[in-house]
Every structure is written in structure tokens, then in C-alpha cells.
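Student: below is the structure, and that's it, no one-letter string:
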Ligand code: EPU
């Protein structure tokens, strides 16, 4: 039950349609926008017995049913250069900052390291949860630490890079410590000079062409590539990649390569290959197809889209169908990259 004397502006039966980029119209039992750390401590301590769901940009979440308990929208703002050295800077960013706006700020200030992560939807606080990555760069490459608040007892704790247990689209916050902490800010180190440009992935080099290679041209190229492959969440509801690219043992990869010579994959570690889930889905002729109000995007088979009025159940039924067929054909278990609630 809500505390009747609470001064906090907690809304009841709140539609989350505008709070998730897939545009799923589900209702949250209670909804609260967190504007300060004090706010966060208060709302948590006043709602100790309730189920808490933390929402960032809602760009990696599929709601399949009424959301009971209290949904917190993190709106903590602030970007601060906290240390400046000859070659690099250390920046503290609050969890509620928009990720892409923050990347633009770094590029405009001449700070290097996350230009390849341009145009990733979502908020800064969600970035460590799944160790966001694109075009050969991952958050962990620049990450120093993040500050958190424990949902149950409101104690504060800082986790350094090593302690976050980052992996491919994962961290401790997605596994052993799922739903335990709320990330309130992150600290990263970026270069001021002698930037280490990363232009080897995909078509970045071709996209830059004859232009000078610098932070701005790389960011621009990444934005152009992403725009051509990934639908604009404002125009077509989606959550970016719906599945992770499966990592398989090389013996299994060689076996598949014999049977499916055009399979797309690359070596990630000793004996391990990362297979393109988009290739598997495209091979099964799902690209551009739809079932009900949910489709597979025509330019990127890894992206499911809302064709209008889709429900979480419809998303799940298409996702399950794809997972089942991928398993039947390739004996590979696709795992969702998005969070399904
Ligand atoms: N491909 C296909 N069909 C398609 C699209 C791609 O066969 O429809 C094959 C091609 O062989 C292509 C390869 O897949 O060369 C890789 O495609 P792409 O560069 O688009 O990357 P991805 O592996 O499909 C991953 C991330 C994206 C990230 C891009 C670029 C995951 C789950 N997804 O996609 O991240 O932007 O690489 O680095 O790792 C996200 O996480 O939401 C996301 C969009």
C-alpha cells in the first residue's frame, strides 16, 4: 500500500506506452520520477515492501503484462569533469542523462573513447547493466566505476570496472546482482589527445572515405550506419537488437560452416566463435516478415519492430517462433538481449 502521508508525487495506474521504445501499452501500478539522490533514498525507504522496477530510457525492455509494484523512472542529471590530466579526463555522469546526448557532448569537447557508441538509445545508468557496445567498442573499455544505491537498505556502494564483471552484453547487475542495486552515476576515462581510433568494424572506414579521421567524422559515420540499419524508435517502435549473437565452440562452428558455407561469424576467443544472429534469422527467411503487429525489420534481421498497437505477448510469440526455428535448424539456443518483464 502507498503511504498516504507521503509527499512524493507517486502516480497510480500509469501508462508506460511513452516510457518504452517498443511502444507497448502496459500499465504500471505506481510510477515515480526520481529527480535527486535524496528523492531516491526517500522513495525506496517509504516503499520497502513493494516490488521495485527501475526504468531508464525503456529502450531494452519488453513489457508483457501489468507491472505491479512501483516503477521508478531515473531522471538524475549532471555531467562533471572531475579530473583533468595531460592526456585524459575523468568524467562523472549521472544515470538519467541521455546516452547519445552525452556522447555528443564528449565528441564536441574533443574527448575520445565513446564516439563509436553514438546513437545508442537509452540512459547512462543502463549502459553498465548490459555493457553496451557497438562497432568494436564496449563501455568497459573506458569504464572506471559506478555508484549505486541498494534497493532494500539504501546503502551506497561503488563498483570498479573489475567488480562489475562485464562480459558481452552483460555485467553483475544482469546476473548475480539483478534487481539489487540502482546505478546512480558512472565514472569513465576519456582521452584528450592521442585518441585510439577504432575504425576497423564493418563499413566505418568506407563511410568516412576521404575525410579526416577524427572523433567527429567517426561519430558521424556511426550515426549514418546506424540510421541506415536500425529503425528510429520515434517512428517505429523497437528495442535495437532483440537477441544476443550466440557464442559457440569452434568445433560446432566448423560443423555448421560445412553445412551452411555462407554463415556469418567471427572468432572471439580461443576456440570460440560469435555467430551473427541476424544471419541465422535472415537465413530462415524472417527478414521483413511479420506476425500480427510485430515484424522483423527489413534492414536488420536482429531487430523486431512494432507495426502499430503490438502487445508484449505478440512480441514473445514471434520471438519464440524464431528461437524455435533457429534451434531446429542450427541447434543453437538464441538468448534475448532485451529484458522481458
Ligand atoms: N547480417 C545479416 N543480416 C542482417 C544484418 C546483419 O546476415 O539483416 C550479418 C552480416 O553478415 C553482418 C553481420 O551480420 O556483417 C553483423 O551485422 P551488424 O554489423 O549489423 O551487427 P550485429 O551483430 O547484427 C551487433 C550489436 C548491435 C551493434 C552492431 C554494431 C548485438 C546483439 N548487437 O549487431 O547492437 O550496433 O553489432 O556493432 O551484439 C543493440 O545491442 O541493441 C545493438 C543494436
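Tutor: It's in. Worth saying up front: this structure is predicted, and the values here are computed from it rather than measured. Numbers count the residues shown, from 1 in each chain.
Student: so stretch 171-181, near the ligand or not?
Tutor: No - contact of stretch 171-181 with the ligand is not found when judged by C-beta under 6 Å from any ligand atom; the minimum separation is 13.0 Å. For glycine as for every other residue, the C-beta is placed from the backbone atoms N, C-alpha and C.
Student: compute the first-to-last residue distance for that stretch.
Tutor: This stretch, stretch 171-181, spans 12 Å end to end (C-alpha to C-alpha, to the nearest Å).
Student: and for stretch 276-294?
Tutor: 21 Å.
Student: enumerate the positions of it that are buried.
Tutor: Buried residues in stretch 276-294, counting neighbours by 16 or more other C-beta atoms under 10 Å, are found at 276-284, 286-287, 293-294.
Student: just stretch 99-114 next, same as before
Tutor: By neighbour count on 16+ other C-beta under 10 Å, the buried set for stretch 99-114 is 99-100, 102-104, 106-107, 111-114.
Student: tell me how far it lies from the chain's centre.
Tutor: 17 Å (C-alpha atoms, centre = their mean, to the nearest Å).
Student: quick one: contacts of whichever strand or helix holds residue 254?
Tutor: For residue 254, the element it lies in under DSSP states H and E is helix 250-259. Outside helix 250-259, the residues that touch it by C-beta atoms under 8 Å, 6 or more residues apart in numbering are 248, 263, 265, 267, 271-273, 275, 330-331.
Student: is the very next helix or strand once past it in proximity to the ligand?
Tutor: Counting by DSSP H and E, the next helix or strand C-terminal to helix 250-259 is strand 265-269. No - judged by C-beta under 6 Å from any ligand atom, strand 265-269 stays clear of the ligand, getting no closer than 8.7 Å.
Student: angle of strand 265-269 against helix 250-259?
Tutor: 170 degrees (axes from the mean of the first three to the mean of the last three C-alpha atoms, to 10 degrees).
Student: list the buried residues for strand 265-269?
Tutor: For strand 265-269, by 16+ other C-beta under 10 Å, it's residue 265.
Student: show the backbone phi and psi for the closest residue to the ligand within the chain.
Tutor: When scored by C-beta to the nearest ligand atom, the chain has residue 240 as its residue closest to the ligand, at 2.5 Å. Backbone torsions of residue 240, given as degrees, to the nearest 10, read phi 70, psi -140.
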